[in-house]
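> here's a sequence, model it:
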Amino acid sequence: MSPFFVMSLLFGLTFGQTASLCAPSEYTIHVEKRECAYCLAINTTICAGFCMTRDSNGKKLLLKSALSQNVCTYKEMLYRTALIPGCPHHTIPYYSYPVAVSCKCGKCNTDYSDCVRERPRTNYCTKPQKLCNL
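The predicted structure is shown next:
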């Protein structure tokens, strides 16, 4: 192996995260309950973007610790609660949702993320819509 290749490889492994573009991004969640008269459109932030990933094609040449499949995930988040309008008295009209404060490239945490595949696109309203800007 040439010295240039080895230096490039070491540089990429060491500083690969600096090339990542993982950051909070604006996102709209549509929330509705069967009992309530309206659908609520909530503007929030989620973690989205590109994270540097190391391909495992060269796994025989590298240590396992040098190989990773990183995702853009929450570094810090908080929860907010919104009131869904038009709900009858016997229904709980509140909906809690996450707000990304900061993001990082790291291993996917299955406690709050779907790490396997993208969910079907069902983020829309079937009832009259109200907008919630918090």
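
> the strands in this protein, which residues?
Here the chain has its strands, by DSSP state E, at 21-32, 39-50, 71-83, 94-106, 129-133.

> make CSV from those strands and add mean pLDDT and mean neighbour count to it.
Heads up, the C-betas are built off the backbone N, CA and C, glycines and all. Shown next, in CSV, are those (pLDDT from 0 to 100; neighbours: other Cβ atoms under 10 Å):
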stretch, mean pLDDT, mean neighbour count
strand 21-32, 91, 16
strand 39-50, 91, 18
strand 71-83, 92, 15
strand 94-106, 93, 16
strand 129-133, 66, 13
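
> give me the distance between the closest residue to residue 35 other than its chain neighbours and residue 109.
Nearest non-adjacent residue to residue 35, counting by Cβ to Cβ, 6 or more residues apart in numbering: residue 91, 4.4 Å away. To residue 109, residue 91 is 32 Å away according to Cβ to Cβ, to the nearest Å.

> residue 94 too?
25 Å.

> and residue 43, by the same measure?
24 Å.

> just list whatever residues bridge to residue 82.
residue 95 (DSSP bridges).
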